[in-house]
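Make a model of this:
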Amino acid sequence: IELRTVYWDRAIRAEIQQLADASSSKKTKFRLITLGAGYDSRSVRFLEEGLVEQAWELDMPQVLQSKEIMLDRLGRRRPSTKRPKLVAQDLNDLSSFEERFANITIQDDDDDSWHNIIVLEGVLIYLQDGIPASLLTICSKTTASSSQNKRGSLSATSSSSSLVFADLFRALPSLEVDKAEAFFKSMGWSLDRSSWCPKPGLARHMGVARVIEDDDGTNDGD
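Sure, this is the predicted structure:
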């Protein structure tokens, strides 16, 4: 757990720094979206350090009830605490997940450029077969659709997405980077080969991937 926590923190910070450095005239805002965050407090830390403008956590209702208690306790000790936005979501329910993810990432009244950092840490092992691939496909297609709408001058936020993960993809046939690259591409993601860091243990797949976009802004994962 300690190994993947350190890796995860460094990967998120590096992704933010790389994208911030690449931004030219218009500042990119960052949105942290954690799928199955549990009781992790990383969102609070990233908000308070000013690394992200928004932090969202999607998890089961009973988990979020306990998380609210934890955040309330933290807020009493430190009133200035910045809190993530908690969204009750069963990740096995793809239809409602797609709607909620779109509501989070496509905001019609916002003309800013946003980058979503979607994080997974030891949550996919609890999902039904086939769900992880469907979740990531929804995320990539929603991101690409947002970018395409923006370029078409529709009222929608321009966004891009990265995936930072330390989890288990049961459908991934091996630990070889070439196989991993092809696997993520099938879901609309480009694996950063230099980030690929498989390790022993259950959540053995660690790395960073980014949504694939064509020149016209559409997803190229099909």
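
C-alpha from now on. contacts and neighbour counts both.
OK.

secondary structure element for Ser160?
strand 158-167 (DSSP states H and E).

What is that strand packed up against?
For strand 158-167, the packing partners by 3 or more Cα pairs under 8 Å, 6 or more residues apart in numbering; DSSP states H and E come out as helix 2-22, strand 113-121, helix 131-151, strand 205-211.

As a markdown table, the ones you listed with distance to Arg45 would be great.
Putting those into a markdown table (distance: least, Cα to Cα, whole Å) gives the following:
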| stretch | distance to Arg45 |
| --- | --- |
| helix 2-22 | 11 |
| strand 113-121 | 15 |
| helix 131-151 | 24 |
| strand 205-211 | 21 |
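
Could you dump the ones you listed into a markdown table and include mean neighbour count, distance to Ser160 and mean pLDDT?
Listed next are these as a markdown table, based on neighbours: other Cα atoms under 10 Å; distance: least, Cα to Cα, whole Å; pLDDT from 0 to 100:
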| stretch | mean neighbour count | distance to Ser160 | mean pLDDT |
| --- | --- | --- | --- |
| helix 2-22 | 14 | 10 | 84 |
| strand 113-121 | 22 | 5 | 93 |
| helix 131-151 | 21 | 6 | 83 |
| strand 205-211 | 23 | 7 | 95 |
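
now for these, which one comes closest to Glu57?
Comparison of those against Glu57 by Cα to Cα identifies strand 113-121 as nearest, at 9.6 Å.

Need the residues that contact the closest one.
Defining contact as Cα atoms under 8 Å, 6 or more residues apart in numbering, one finds that strand 113-121 is touched by 12, 26-37, 105, 157-167, 203.

Now the buried members of the residues you listed.
12, 28-37, 105, 157-167, 203 (16 or more other Cα atoms under 10 Å).
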